[in-house]
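# Here is my input, please return the structure:
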Amino acid sequence: MFIWHQQYICTGLTSEIHFPEFSVVGLVEGEQLVCYDSSIRKKILKTGWMEKSVGEDYWTRETQKAQGAQETFKASVGPIMRRFSQTEGENKASQSFKH
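Reported below is the predicted structural model:
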């Protein structure tokens, strides 16, 4: 039985710097597998081996999940910033989870 480690890192920014407002990076065993950012609004495959394993419908669903996470960030960041009195300047929220 082979066990592998998968990790996703989600980052959201509130400032208007030249960087995507929201991004997701997916890693398997430390190797970047996929990425998504609010500028392109599409989950992009970064390895060739995965392309042979799943169909286009998988990438459509994965893109929809990332877009949903982006919308959740946008809806929740304002109340969170107000709760912690951080309504001005640059703010960053980051979340990492493993499977």
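
# all strands for this structure, in order.
Assigned by DSSP state E, the strands in the chain fall at 6-13, 22-28, 31-37, 44-45, 92-98.

# now the ones you listed in JSON lines, with mean neighbour count, mean pLDDT and distance to Phe84?
To be clear about C-beta, it is placed using only N, CA and C from the backbone, and glycine gets the same treatment. Converted to JSON lines, the strands of the chain look like this (neighbours: other C-beta atoms under 10 Å; pLDDT from 0 to 100; distance: least, C-beta to C-beta, whole Å):
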{"stretch": "strand 6-13", "mean neighbour count": "17", "mean pLDDT": "82", "distance to Phe84": "15"}
{"stretch": "strand 22-28", "mean neighbour count": "20", "mean pLDDT": "88", "distance to Phe84": "19"}
{"stretch": "strand 31-37", "mean neighbour count": "17", "mean pLDDT": "89", "distance to Phe84": "25"}
{"stretch": "strand 44-45", "mean neighbour count": "14", "mean pLDDT": "86", "distance to Phe84": "33"}
{"stretch": "strand 92-98", "mean neighbour count": "11", "mean pLDDT": "61", "distance to Phe84": "11"}
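
# For the longest helix belonging to the chain, the averaged confidence score.
If you go by DSSP state H, the chain has its longest helix at helix 56-83. For helix 56-83, mean pLDDT rounds to 84.

# I'm done for today, thanks for sticking with me.
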